[in-house]
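Asker: Quick one, structure for this:
(one chain, ligands or ions: 1)
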Amino acid sequence: MSMPGLANMSDPSPLLVVEDLKVHFPIKAGTLVQRQVASVKAVDGVSFLLNRGETLGLVGESGCGKSTTGLAVLRMLDITAGRVVFDGEDITRHDRAAMRPIRKRMQMVYQDPYGSLNPRMKVVDLIAEPMIVHDLLPNRAARADRARELLALVGLRPDMADRYIHEFSGGQRQRIGVARALSMEPDLLICDEPVSALDVSIQAQIVNLFQDLQQSLGLTYIFVAHDLAVVRHISDRIAVMYLGRIAEIADRETLYRRPLHPYTQALLAAVPIPDPEIEATRPQIAVAGEVPSALNPPPGCRFHTRCPLAVARCRTEEPALRDVGAGQMVSCHLV
Ligand code: SF4
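Answerer: Numbers count the residues shown, from 1 in each chain. So this is what the prediction gives:
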């Protein structure tokens, strides 16, 4: 298979391979006959792989395509081009029926569990619902027992199973969302900004929960976030996305110690780093303005309209994502 050699390619059987993934949303116009007149290139050529038991942080500003990438991997969105291979099986064109056995093994944890869970159902039924959908445990009592076990696993009391979701705090709701995802005994959790709606003090508790569960259950994570502070402690590797593409990908230590893409440097400048040595030496780059529209991305380097280091070449020539050593890959003409 030919794909850009993204970091840590040594595992002979990665759990997930994403190869030149494109997700474009058609824009249609016309009163009588609708024609496609343009497309929003939400994800436009993203490649990475994920080893078993690993956490990949997927980071970028709103509109960079990170959540769309997660939804496409789950096949909750149609894939325009490229490939998604899960545990050796190419699922890119799988229909609903073909995805059914795979979907159990890949679960989503949402930013706002309150918005995604039915407020009229007791917690026991919310956690048991996916087991019914996927015929996992046919017996109601066995499902209720399993739901209580899962509540204990995520740090809640089993007797809370008979309450309703509105009776819980934000952090507790997220624990319930995790318990529901775990009811399928998945291999891969795609966590879409799972702590960004929570107070900072609670965020650390939930990140710790994800780490504990990963250790005890051998889970693999894609952890989507809009800032580099949140993913720092949980990620083995981090991919920084900008306007539908990966700007830089590296293992965590390398990315925080030696960020090379000006966009990564700008994102990091906004994050306080407790290590005074890194804090004193790291580049202080700031970017102004908004992310341009994915409907009409800038030519050349997509970041050139905001990059303080841009040169003439950046406006016409798109930089490739190049391996600069130690598994660090960067998409910038100046690196
Ligand atoms: Fe900036 Fe040019 Fe590098 Fe893009 S290629 S990040 S515009 S210096």
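Asker: all strands for the protein, in order.
Answerer: Secondary structure of the chain by DSSP state E: the strands cover 16-29, 35-50, 55-59, 81-86, 89-90, 106-109, 188-192, 220-225, 237-242, 245-251, 322-323, 329-330.
Asker: Could you dump those strands into CSV with mean neighbour count added?
Answerer: Heads up, the C-betas are built off the backbone N, CA and C, glycines and all. Formatted as CSV, the strands of the chain follow (neighbours: other C-beta atoms under 10 Å):
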stretch, mean neighbour count
strand 16-29, 18
strand 35-50, 20
strand 55-59, 27
strand 81-86, 19
strand 89-90, 12
strand 106-109, 24
strand 188-192, 24
strand 220-225, 25
strand 237-242, 26
strand 245-251, 25
strand 322-323, 14
strand 329-330, 24
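Asker: Which one, of these, ends up nearest to A288?
Answerer: strand 237-242 (14.7 Å; C-beta to C-beta).
Asker: What are the contacting residues of the closest one?
Answerer: With C-beta atoms under 8 Å, 6 or more residues apart in numbering as the test, strand 237-242 has contacts from 7-8, 46, 48, 54-61, 64-66, 69, 228, 231, 246-252, 255, 261, 263-264, 267, 291, 302-303, 327.
Asker: so which of the strands of the chain gets nearest the ligand?
Answerer: Smallest distance to the ligand across these (C-beta to the nearest ligand atom): 7.3 Å, for strand 245-251.
Asker: how close does the closest residue to the ligand within the stretch 1-150 of the chain get to R96?
Answerer: With C-beta to the nearest ligand atom, the shortest gap between the stretch 1-150 of the chain and the ligand falls at G60, namely 13.8 Å. In this view, G60 and R96 are 30 Å apart by C-beta to C-beta, to the nearest Å.
Asker: Tell me which of the two has more neighbours.
Answerer: Using other C-beta atoms under 10 Å as the criterion, G60 and R96 rank with G60 on top: 28 against 8.
Asker: residues contacting that one?
Answerer: Counting by C-beta under 8 Å, 6+ apart, G60 makes contact with K66, H226, V240, M241, Y242, A247, L267.
Asker: Buried residues in the helix of greatest length in the chain, which are they?
Answerer: Secondary structure assigned by DSSP state H gives helix 200-217 as the longest helix of the chain. Buried residues in helix 200-217, counting neighbours by 16 or more other C-beta atoms under 10 Å, are found at I202, Q203, I206, V207, L209, F210, L213, Q214.
Asker: could you check the distance from the residue positioned nearest the centre of the chain over to R163?
Answerer: With the centre of the chain defined as its mean C-alpha position, the nearest residue by C-alpha atoms, centre = their mean is V224, 3.3 Å away. V224 sits 29 Å away from R163, going by C-beta to C-beta.
Asker: Check the offset of stretch 90-97 from the chain's centre.
Answerer: Remark: stretch 90-97 is offset 20 Å from the chain centroid, using C-alpha atoms, centre = their mean, to the nearest Å.
Asker: scratch that, stretch 207-217
Answerer: 17 Å.
Asker: right, and the pair among the contacts of G60 with maximum separation?
Answerer: Across these, the longest distance by C-beta to C-beta is 14.3 Å; it joins H226 and A247.
Asker: Would you mind naming the residues that bridge with E89?
Answerer: On the basis of DSSP bridges, E89 is bridged to F86.
Asker: you'd agree it is up against R105?
Answerer: No - with contact defined as C-beta atoms under 8 Å, E89 and R105 do not form a contacting pair (10.3 Å).
Asker: For the stretch 151-300 of the chain, give me the ranges with low pLDDT.
Answerer: Within the stretch 151-300 of the chain, the segments meeting pLDDT under 70 span 272-286.
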